[in-house]
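[1] I need the structure of the sequence given here:
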Amino acid sequence: MTEPKPSILVVEDEPKLRRLLELQLADEGFRARAVDNAESGLQLAGKEPFDLVVSDYKLPGMTGVELLHALKRINANLPVVIMTAYGTVEAAVEAMKAGASDYVLKPFSLAELVLVIRKELAARELRDENRALREALGKRYEYNNVVAQSGKMQAVLALVERVAATNATVLLGGESGVGKDLIARAIHEHSQRASGPFVKINSTAIPENLLESELFGYEKGAFSGATTSKPGKFELADKGTLFLDEIGDVPPATQVKLLRVLQDREFERLGGTRTIKVDVRLIAATNRDLRAAIEEGAFREDLYYRLNVVAIDIPPLREHKEDIPALANFFLEKFARESNQPVRTLKPEALRKLIDYHWPGNVRELENIVTRAATLAANAVLDAGDIHFDSESSSRRSGASLSPVLPPGMTIEKWEEEMIREALRQANGNKSQAARALGLSRNALRYRLSKMGVPDPDDAAEPAQ
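    Okay, here's the model as predicted:
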């Protein structure tokens, strides 16, 4: 049996464009239905199942964003692509905030729209399959150099398994040292691009004034010292994957060029005029809260939505300590292989010491400590006395142990929540007053409250100031 054609609803009030989209999408293998206003589109969506909606931003009567809200009430998982006029990116960002999957700027080519539609359909299929996987995670996933026996890390690898088969842009989140680079490489090696290059660049390791030329290359004479032309990382990663680590630290000017590459797959070298087209899958990673960076004005909101097609958050080691025994043995075997020595083992007391530690440096810190112990130990079996943590060394150098900054059992996240709740209590629930007391903007407090699951009623409902 042949698979049913994906069903697309087009909402566009301009007759010629509406008819053109309906005919061309049908030629591309979609089942397309087109209407001229949001109300008709909403009625159709209530009667027929659609896989995706393409809607103009400006419509007579109900606007595209109002239609978006109404469609999400019918089907929260329905992808909606917004069409908006060139120069009104703010409108597109507003739509993305409201839940739109993506946007295209008019005038656009049909090829561009079809590319966006296929990407969103693939992402929806991926999300649906991931939900099914999470509901019944019976399969065990194994990847080279990735130790993941815990439920939380198996859930990460389940996402890797599904996203690798697509070309979707991936945003990896997590603290420093959790292994974002290993997850990025696993995605590449299990993708259709595995035979292509995997190019890694860390934006914090390169001076800000050189990052743009590293990413996009430069022509001879582009700046003092540019005696020859040089391709950038995007060119080197053509037909493969570019892993951009610490995306949250990319300067604003470079963020603009990144947005263009993600939209159009083209750029110019620094000092050049020739437009270069590339076929690159981008995997970005950050240990920063990009939503907070947006509130602070340090990160472009439109770039965030382009990057956040599929988000994979990697938990810190303290949240999956059941992986520590396997990780420790993995690092001991790696040390033995690289140093041509017999494999060492851990006594139960040494293993308990590792499990009881809080691991601020995550998996990277675990590898360093296990390797150091294996290097300096006198015996083949490592005891608890062979395990030395960096925090212990710092205390010995300072001559005294540091008192804990937080109460026992309290994390930074929980402490922040307690401070916010206390500020709200003292302000009698007034969020504007609480934000001032905490030294936050109103939007920054709203964002933190949403993470805490606290409802945010209209300001009009707040007590008078």
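
[2] For stretch 185-192, list the C-alpha coordinates in CSV.
    What follows is stretch 185-192, C-alpha atoms only, in CSV (Å, rounded to 0.1, in the frame of the first residue of the first chain):
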residue,chain,number,x,y,z
ARG,A,185,29.4,13.2,17.2
ALA,A,186,27.0,10.3,17.8
ILE,A,187,24.2,12.2,15.9
HIS,A,188,26.6,12.7,13.0
GLU,A,189,28.0,9.2,12.9
HIS,A,190,24.5,7.7,12.8
SER,A,191,23.2,10.1,10.1
GLN,A,192,23.2,10.0,6.4
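
[3] What residues of that stretch count as buried?
    185, 186, 187, 188, 191 (16 or more other CB atoms under 10 Å). For every residue, glycine as well, the C-beta is placed using N, CA and C.

[4] same check, this time on stretch 312-326
    312, 314, 315, 316, 317, 320, 321, 323, 324.

[5] what does stretch 32-43 give?
    32, 33, 34, 35, 36, 37, 38, 39, 41, 42.

[6] before we move on, which element is the closest residue in space to the fourth one that isn't next to it in sequence in?
    The shortest distance from residue 35 to any residue other than its chain neighbours is 4.9 Å, reached at residue 41 (CB to CB, 6 or more residues apart in numbering). Remark: residue 41 resides in helix 38-47, with elements defined by DSSP states H and E.

[7] Centre of the chain to that helix, how far?
    Here the centre of helix 38-47 is set off from its chain's centre by 33 Å, with CA atoms, centre = their mean, to the nearest Å.

[8] likewise stretch 436-456?
    In terms of CA atoms, centre = their mean, the centre of stretch 436-456 is set 22 Å apart from its chain centre.

[9] Now tell me what touches that stretch from outside.
    With contact meaning CB atoms under 8 Å, 6 or more residues apart in numbering, stretch 436-456 is reached by 291-292, 295-296, 416-417, 419-420, 423, 426-427, 431-432, 434-435.

[10] Report the two of those separated the most.
    291 and 426 (25.8 Å; CB to CB).

[11] pLDDT weak spots in the chain?
    The model of the chain has pLDDT under 70 over residues 1-3, 86-88, 128-142, 391-411, 455-465.

[12] Just want the most central residue of it.
    Closest residue to the average C-alpha location of the chain: residue 171 at 2.2 Å, with CA atoms, centre = their mean.

[13] Just the C-alphas of the one helix or strand that residue maps to, formatted as CSV.
    Here residue 171, judged by DSSP H and E, is contained in strand 170-173. What follows is strand 170-173, C-alpha atoms only, in CSV (Å, rounded to 0.1, in the frame of the first residue of the first chain):
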residue,chain,number,x,y,z
VAL,A,170,19.7,20.3,16.9
LEU,A,171,20.3,22.4,20.0
LEU,A,172,22.1,20.5,22.8
GLY,A,173,21.8,21.9,26.3
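
[14] So which of the buried residues of stretch 312-326 is the closest to residue 79?
    For the buried residues of stretch 312-326, the nearest to residue 79 is residue 312 (19.1 Å; CB to CB).

[15] roughly how far is whichever strand or helix holds the closest one from the heart of the chain?
    Here residue 312, judged by DSSP H and E, is contained in strand 310-313. What separates the centre of strand 310-313 from the centre of its chain is 5 Å, taken as CA atoms, centre = their mean.

[16] Sounds good, over and out.
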